[in-house]
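> sequence plus predicted model, see below.
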Amino acid sequence: NGSRAQDAEQRPWTRTLKELKEHVANCTKTSKNTVTVATPVGAVLNASSRKLQGDVSERLTSCLVKKKSLDGVLEIRSRGPTQTWTHTTVPTVPSDTASQRTLRRRSVALETNCQLISGSVVGAVVQQAATLRRMDSDERKALLIDAGVLPRTPSAGSTLALKADLHMPWHQLRKLKVWLKDFGVHLESERKMRMQLDEHMPFNIVAELVPFSSSGSIQLRPMVTIPDVVGTVHHYLDQLEATRQLYWHDGAIPMNEVWVKVGGDHGGNSFKFSFQIVNVARPNAIRNIIPLVLFAAKDSAANLATALQPLASEIVKLQSTVWRDKALKVLLYGDYELQTTLYGLSGSSGVHPCLHCAITRSAMQQRGSAAEQRSLESLRSDNSAFVAAGGRLADAKRFHNSIRPPLLPIDLDSVIIPVLHLDLGIFSWLFDALSRDCQSLDAALAATGVAVGTDSASYVANAAKHQHRNAKLADLQRESAVASNLQQQLEWLAIHGNNLTPPQVEAATQGIQSQMQQNSRIRAQLQAETEKLTEELNVRGSGVHGPCESSLDMVLQDNNVCRQRYHGGAFIGNHVHKALQPAVISSLSQAPLAVVTQVERASPQPLIDNARTISKRYNDLLSQFAKCRRRYSSCSQMSAEDIQAFESDVTEFMATARKEVIERNMGNVTPKLHLLETHLSDFLARFRVGLGLLAEQGGESLHAEFNNLMARHGGIVNDLQRLRTAVKCHLSATLPHQVTLVPQRIQRKRKAG
């Protein structure tokens, strides 16, 4: 026992637990100089207290690791194989949310551990390959794709979106698939893509040959239709809601309504009737235009009746249906000529040219002329009376020029005033008036002997002939419109004269043929007189332009405002926006004054004053019209104050136009000016939104799209099958779930100048 007590004094780790705890407490006390008394290693290793192990052993281990580790690696020799410990910091953030710098640091740690475990760098590569082989094939493929080692495999939907966005036929997609396979990119099978396309396009597409009037005879022409209009509209609305693309334009559209535009336009040898859902961010985009009827013939009244009469009942159903507790409001868009044809009027050249009221052309010239408002019922009533009276076109003015029944059951209050053609018509009207004033200014310059590029006497004579020739061309254009109307009515009787008795059809046909013969003689005489004047002017298709008139075209060219080579030198819709900018208006109106003041010899003061008056006149007119246009062509919601301000601007513009143009016999009030003055404010008050949201340029852009599609599918010999394939290709590009898969293009920055 004595030896044990002596040994216990020499070996403190053999003391009792209570004594050991007191000893540890004394050893861990620090002095004011923060000197820590060391604890024997044996006491720590043999201690049974967890507190002692937690407090002391961790500091002991940390001290040993820091002193013996080399580059974060600690080798410990034991009775078995040498153990290697590495330093790994406990992460505070997971790798999926860590920064790139942290990810790189963790990758280095993983590489170090892998090399230590594998024994060498080569062994680490072998070990990583073995780790990849242990994974499931799908998991391994996803890992390699995320790492950027393997390219991403496009899904069937993404490939279909690529095909539709690039207008690629199936045979070109097969070639692309072969090319991409060489680069390790594998596309989905064509069978799977076709199945998915049919799944997302459940509506039926009907293609058939239909008798249409073409080149004065009845011919079988291809036509593609989607008969189920209601189901198609609801299908697109469901997909738009599923992809979160529905948009009410910040309250411009009531939250309990969905607006659907239907309408069409002729171009590229075919007529296209489509619908657009307005409740999207870009309602006039090409990917939001879904064609319902497409036929390869002119848009005459008879052809439109053949194609659109089956859709009338579907439109009635569409107007009465409700989608997700929201009412569907159906609107009609299109140019003014199409609108008058769809509602059975003889056109803008008739005595009663307005679609919305029964005003006469002569009454249009006076401000505030009252007229009866038209409606579907009044149009049907006038047409019934016209048919009962024998259906002679000479009597059309007695029945408000309603010579055919309306084709579509859409009320006139829902007919969108064609803003694009309104801009074109009114700006062309102002530009023509400015050109005529410049012609008179050029004639005055020539009469004073100022150089105009030719001798004065011949210029004055040629200018007079030129004006006379323009008048004859206007008469010829008017008679050509009458001939077109007569031909359309004759075709109508031949195809859709079922509501008339045989004697009535025969009498109406004879009357139309007699009028066509008379019209043909008038047109032949006008054509001969025009050609004679053209030969005398020694020009072909153009007139004699003096320096003032020529300066207008130079200003337009300098500002990239182009006029069409054909169609009477008409303007392009987008270029009207450029021409109505303040800087262009100033240059255009100042052009004749600059010519007069910069000629070779000094001009007389009265001539300079006249030029200054013309410049101020058209600067005011163009500026006032530009102000009106900015108000009605917006896409935002319009308050009562906005509409009142618009009415005030229109009143000011029309007062100036009557004083400076109409009363000077430089022009008349056209149907488009009448729409601006009388009916546009009522439309804005009904819908409380600018016409930019409801414009018809979306339907106009469909022509270029189908020209491209028809060219891409030119390998299909059958015209009917080719047209159906083009329609299906365009429809696949309009599916909302595929529109979301198309990557956003980066707009290229244009260089200044």
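Looks like it arrived, so ask away. Residues are numbered from 1 along each chain as shown.
> quick one: low-confidence parts of the stretch 51-200 of the chain?
For the stretch 51-200 of the chain, the stretches with pLDDT under 70 are 51-58, 60-61, 64-74, 78-80, 148, 150-152.
> gap between the helix or strand where residue 428 lies and the chain center?
Assigned by DSSP states H and E, residue 428 falls within helix 419-447. Between the centre of helix 419-447 and the centre of its chain there are 32 Å (C-alpha atoms, centre = their mean, to the nearest Å).
> report all helices and strands that it contacts.
Judged by 3 or more C-beta pairs under 8 Å, 6 or more residues apart in numbering; DSSP states H and E, the packing partners of helix 419-447 are helix 456-496, helix 547-558, helix 573-579, helix 582-597, helix 605-632, helix 671-674. The C-beta positions use only the backbone N, C-alpha and C, and glycine is treated the same way.
> between that helix and helix 582-597, how big is the angle?
10 degrees (axes from the mean of the first three to the mean of the last three C-alpha atoms, to 10 degrees).
> next, the buried residues of helix 419-447.
Across helix 419-447, burial judged by 16 or more other C-beta atoms under 10 Å covers 419-446.
> ok, now stretch 584-597?
Buried residues in stretch 584-597, defined by neighbour count with 16+ other C-beta under 10 Å: 584-585, 587-593, 595-596.
> for the stretch 251-400 of the chain, what spans make up the helices?
Listed in chain order, the helices of the stretch 251-400 of the chain (DSSP state H, counting those that start in this stretch) span 301-320, 336-342, 361-364, 376-388.
> now mean pLDDT too, for the ones you listed, in a markdown table please.
Shown next, in a markdown table, are the helices of the stretch 251-400 of the chain (pLDDT from 0 to 100):
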| stretch | mean pLDDT |
| --- | --- |
| helix 301-320 | 92 |
| helix 336-342 | 93 |
| helix 361-364 | 90 |
| helix 376-388 | 92 |
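> give me whichever of the ones you listed is most buried.
Mean neighbour count (mean count of other C-beta atoms under 10 Å) peaks for helix 336-342 among the helices of the stretch 251-400 of the chain, with a mean of 22.
> check which helices and strands that one sits against.
Helix 336-342 makes packing contacts with strand 257-267, helix 301-320 when contacts are defined by 3+ C-beta pairs under 8 Å, 6+ apart.
> relative to residue 225, which of these is closest?
Closest to residue 225 of these, according to C-beta to C-beta: helix 301-320, at 7.5 Å.
> what angle sits between that closest one and strand 257-267?
170 degrees.
> what sits up against helix 301-320?
Contacts with helix 301-320, where a contact means C-beta atoms under 8 Å, 6 or more residues apart in numbering, come from 210-213, 223, 225, 227-230, 233, 260, 262, 271, 273, 292-293, 295, 297, 328, 330, 341-342, 344, 404, 407-410, 488-489, 491-492, 494-496.
> can you give the distance of it from its chain's centre?
Worked out by C-alpha atoms, centre = their mean, helix 301-320 lies 26 Å from the chain centre.
> then it to CSV, C-alphas only?
What follows is helix 301-320, C-alpha atoms only, in CSV (Å, rounded to 0.1, in the frame of the first residue of the first chain):
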residue,chain,number,x,y,z
ALA,A,301,-67.4,40.7,-102.6
ALA,A,302,-68.4,37.3,-104.2
ASN,A,303,-65.2,35.6,-103.0
LEU,A,304,-65.5,37.0,-99.5
ALA,A,305,-69.0,35.8,-99.3
THR,A,306,-67.9,32.3,-100.5
ALA,A,307,-65.2,32.1,-97.8
LEU,A,308,-66.6,33.9,-94.9
GLN,A,309,-70.3,33.0,-94.8
PRO,A,310,-69.6,29.7,-93.0
LEU,A,311,-67.8,31.7,-90.2
ALA,A,312,-70.8,34.0,-89.5
SER,A,313,-72.4,31.4,-87.2
GLU,A,314,-69.1,30.8,-85.4
ILE,A,315,-68.7,34.5,-84.8
VAL,A,316,-72.2,34.7,-83.3
LYS,A,317,-71.2,31.9,-80.9
LEU,A,318,-67.9,33.6,-80.0
GLN,A,319,-69.7,36.8,-79.1
SER,A,320,-72.0,35.0,-76.7
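> average pLDDT across stretch 730-745?
Taken as a whole, stretch 730-745 carries a mean pLDDT of 86.
> ends of that stretch, what's the gap?
Stretch 730-745 has an end-to-end distance of 19 Å (C-alpha to C-alpha, to the nearest Å).
> now swap in stretch 378-396 and tell me
OK, stretch 378-396 end separation, C-alpha to C-alpha: 15 Å.
> please apply the same query to stretch 669-688.
End-to-end distance for stretch 669-688: 27 Å, by C-alpha to C-alpha.
> remind me what the strand or helix carrying residue 240 packs against, helices and strands.
Assigned by DSSP H and E, residue 240 falls within helix 229-242. Here helix 229-242 touches strand 270-277, strand 289-295, helix 301-320, strand 322-323, helix 736-739, going by 3+ C-beta pairs under 8 Å, 6+ apart.
> closest one to residue 194 among these?
Comparing these under C-beta to C-beta, the one sitting nearest is helix 736-739, at 14.0 Å.
> distance from the chain centre to the closest one, please.
15 Å.
> hmm, who's touching it?
157, 160-161, 164, 200, 236, 239-240, 242-243, 245, 287, 732-733.
> how far away is residue 354 from residue 587?
35 Å (C-beta to C-beta, to the nearest Å).
> which elements pack onto the helix or strand in which residue 224 is found?
Using DSSP H and E, residue 224 maps to strand 217-225. Here strand 217-225 touches strand 206-214, strand 289-295, helix 301-320, helix 719-734, going by 3+ C-beta pairs under 8 Å, 6+ apart.
> any chance of the ones you listed in TSV with distance to residue 740 as columns?
Formatted as TSV, the helices and strands packed on strand 217-225 follow (distance: least, C-beta to C-beta, whole Å):
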stretch	distance to residue 740
strand 206-214	29
strand 289-295	17
helix 301-320	26
helix 719-734	12
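> so for residue 574, which of the ones you listed sits nearest?
Each of the helices and strands packed on strand 217-225 has some distance to residue 574 by C-beta to C-beta; the shortest is strand 289-295, at 17.6 Å.
> what lies in contact with the closest one?
Against strand 289-295 from outside (C-beta under 8 Å, 6+ apart): 210, 212, 221-226, 229, 232, 236, 262, 264, 270-276, 303, 307-308, 311, 698-699, 701-702, 706, 723, 727, 730-731, 734.
> and for stretch 672-680?
336, 354, 356-357, 359, 364, 367, 417, 421-422, 425-426, 429, 628, 632, 650, 654, 657, 669.
> quote the end-to-end distance of it.
With C-alpha to C-alpha applied, stretch 672-680 spans 10 Å between its terminal residues.
> centre of the chain to that stretch, how far?
26 Å.
> okay if I get the helices and strands packed on helix 336-342 as a markdown table plus distance to residue 397?
Output for the helices and strands packed on helix 336-342, formatted as a markdown table (distance: least, C-beta to C-beta, whole Å):
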| stretch | distance to residue 397 |
| --- | --- |
| strand 257-267 | 27 |
| helix 301-320 | 18 |
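> so which of the ones you listed is nearest residue 612?
Closest approach to residue 612 among the helices and strands packed on helix 336-342 is made by strand 257-267 (42.7 Å; C-beta to C-beta).
> tell me the strands beside the closest one, with direction?
Strand 257-267 pairs in its sheet with strand 270-277 (antiparallel), strand 326-333 (parallel), by DSSP bridges.
> just the buried residues of it, please?
The neighbour-count check on strand 257-267 (16+ other C-beta under 10 Å) flags 258-267 as buried.
> what does stretch 363-374 give?
363-364, 371, 374.
> cool, and stretch 659-676?
660-662, 666-667, 669-676.
> returning to what we had before: okay, the helices and strands packed on helix 229-242 in a markdown table with distance to residue 194 next?
Shown next, in a markdown table, are those (distance: least, C-beta to C-beta, whole Å):
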| stretch | distance to residue 194 |
| --- | --- |
| strand 270-277 | 24 |
| strand 289-295 | 20 |
| helix 301-320 | 28 |
| strand 322-323 | 29 |
| helix 736-739 | 14 |
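> for residue 91, find the nearest of the ones you listed.
Short answer: helix 736-739, nearest of the helices and strands packed on helix 229-242 by C-beta to C-beta, at 38.9 Å.
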